[in-house]
Structure formats: structure tokens, C-alpha cells
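no sequence on this one, just coordinates:
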């Protein structure tokens, strides 16, 4: 993105200004998976497949003004530069937030806001010394602004957030929720399943029901399913040990977008846009409420039609109320 200073629709060196208008900083990055020698096991989420010949253009930008400086926008443009069609496409944001003290966290989601978040399991994080937060720790999350486009239907449809769940550290909880060891397990997680292919189960329904969205309840009001109301430790099928209250431990999370009939043809592009946010309230639970309020503000800010230009000639829509 750039500021078209002379409004001629063409990027000109020494005249136009790179970056999103009025952002404090804009970061650009181009990545490719086209080198077979680098395809091996990776920390936190399994690699090891042959190259897809994917190219990713990543842009991040943020603002310094009060009210805007606790969120940052992230955009991924994913290009299929290989000869093969990618079918049954699922993409996701894998997060190891380590929110202050890393070993006392919970996760949750808000399906309306397309928000996945981490928060502290109680109202005191660590010992209060940096890097822990002490009393009233904040909550952190990602909200999905533009998800995977299913182009097999006309007109194409943004499938939105299709799954959210935790991925546990090794030795925490059932082994089928630990980090994936092989690419197939990672793909199952992206689809919203456990790595054995079993479903996550909501223990509050009678009988417990399959779900792609873990802990969509509200922690502060204690309405709905949260980690305070337990889980089902099932690794084969829909039944397993019932836990009444989850232990607060290290939590990874995965927010996914995709569909069994979503494809990316050679030369085609998918764009994913998200916003990462952090908010601190009067308690660990109120911080989740504050995070949801900040999420509403950030989403409204993103969708209110300010146009910015890109060097490729496309036009994208951002904000009408620049900070």
C-alpha cells in the first residue's frame, strides 16, 4: 500500500509515500515455501510436506494514537505459483501467546465477532514481576476480518471463522490435543478436529455435542461454555473422561478459515486479514469483556470505507476515520 500523493493512480518514487496512510509503521514481507530443504518439522505446528509453491505477501500496520495503539492489522495474500490445484483448503492463525506467565492461561472465542482469545485462568498472573502482569492481567486475541473465499460457488463467499480450539502443550491434557507431529494431524486441527480425527465435544449439552468452536461462552458473566465449566477428554470417538473445571496451563490456540470445497487454482490468490488486540480491564475476566469492546471498535474501523492504493494497481478499503 502507498499514499498516492499526486492522485494519478501510479506509484512514483520520490513522490508517493509507501505504507498505509497515517499508520505509525507499515511492514512488508514476501515468503515462499519453494525450497524442499527447509520442509521439515517446525516448532509448534508440523511441517514436512513437499512444497506447494505458495508465495505469501504479508503486510502489517498499526497506529500510535490513544485508542488505536492496542491493535494491529495483519494481511496475508497467498498465491498459488505451482502447477496444481489446491483443494479442500483450510488456513489458520496458530498462536502461542504466552500471556505474561505462560503456564496459567485459558482460551475462548466469540463466534459473532470472529474472535479467538487467551486470558489468565485467575486474577493474578505469575509473581507480578516482568514479564508477568500481576493483578488484573490483560486478555489477548485475534479477530478475523476477511476469511477464505470459497470460489467454487457464484458469487464467491467468505466462509469466515470455521473453527477455533486450543492446542495443548505436551503432557497437558489428552495427547490428541497436543501439538501435531505429522502434517495430517496439523490439517485435522485446521479443519477443527483433534489430531486423531475426533471432534471436540461441548459438555454442556445433553448429550454432549460435536463442535468446531471451543469455549464460546462469556467468562465474565459465566454464561455458556468456558474453560471454567470443563471439557471432555475424548481421543477416539465422542466419549471420554469429563473434567468439571479445566486446569489453567500453557495454551496454544488455532483460528481457522476454510472449506472442503474451497480451492485455489494455479495463479489464483486468497487474502486473509486479521487484527491482533490486547486489552486490560479490572480483572482477568473483565479483560475479556474489554477485549470484545476493542474488537468491535477495530472491526468498525477496518470496514469503514477509506481507499488506499497498492503498487499492483488494486484498491483496498480501510478507514474513514484516520487517527
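Yep, that arrived. Since this is a predicted model, take the numbers as computed values, not measurements.

the helices in the stretch 201-323 of the chain, which residues?
For the stretch 201-323 of the chain, the helices defined by DSSP state H, counting those that start in this stretch occupy 284-303.

Run through it and note the low-pLDDT ranges.
Within the stretch 201-323 of the chain, the ranges that satisfy pLDDT under 70 run 305-309, 311-323.

Specify the local secondary structure of residue 113.
With DSSP: H, G, I helix; E, B strand; the rest coil as the basis, residue 113 sits in coil.

can you count the residues close to it?
Around residue 113 there are 18 other residues, counting by other Cβ atoms under 10 Å. Where you see a C-beta, it was placed from the backbone N, CA and C, and this is true even at glycine.

Against residue 219, how distant is it?
The gap separating residue 113 from residue 219 is 14 Å, by Cβ to Cβ, to the nearest Å.

same thing with residue 254?
Using Cβ to Cβ, residue 254 is found at 19 Å from residue 219.

those strands in the stretch 1-150 of the chain, which residues are they?
Secondary structure of the stretch 1-150 of the chain (DSSP state E, counting those that start in this stretch): strands at 2-3, 17-18, 25-32, 54-62, 71-80, 90-95, 105-110, 115-120, 124-125, 134-135, 139-146, 149-150.

Actually, the stretch 151-300 of the chain.
With DSSP E, counting those that start in this stretch as the criterion, the stretch 151-300 of the chain has strands at 157-158, 163-168, 200-202, 209-211, 231-233, 241-243, 251-258, 269-279.

rewinding a little: out of the strands of the stretch 1-150 of the chain, the one nearest residue 279 is which?
Checking the strands of the stretch 1-150 of the chain against residue 279 by Cβ to Cβ gives strand 139-146 as the closest, at 6.0 Å.

and the strands of the stretch 1-150 of the chain as a markdown table, adding distance to residue 230?
Compiled in a markdown table, these are given as follows (distance: least, Cβ to Cβ, whole Å):
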| stretch | distance to residue 230 |
| --- | --- |
| strand 2-3 | 51 |
| strand 17-18 | 50 |
| strand 25-32 | 39 |
| strand 54-62 | 37 |
| strand 71-80 | 31 |
| strand 90-95 | 23 |
| strand 105-110 | 12 |
| strand 115-120 | 17 |
| strand 124-125 | 22 |
| strand 134-135 | 26 |
| strand 139-146 | 20 |
| strand 149-150 | 34 |
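
Residue 183 is nearest to which of these?
Closest approach to residue 183 among the strands of the stretch 1-150 of the chain (Cβ to Cβ): strand 90-95, 12.3 Å.

Neighbouring strands of that closest one in the sheet, and parallel or not?
strand 251-258 (antiparallel) (DSSP bridges).

now what about the partner strand, what contacts it?
Applying Cβ atoms under 8 Å, 6 or more residues apart in numbering, the contact partners of strand 251-258 are 44, 88-97, 105-107, 109, 116-118, 142, 144, 147-148, 159-169, 179, 189-192, 272, 274.
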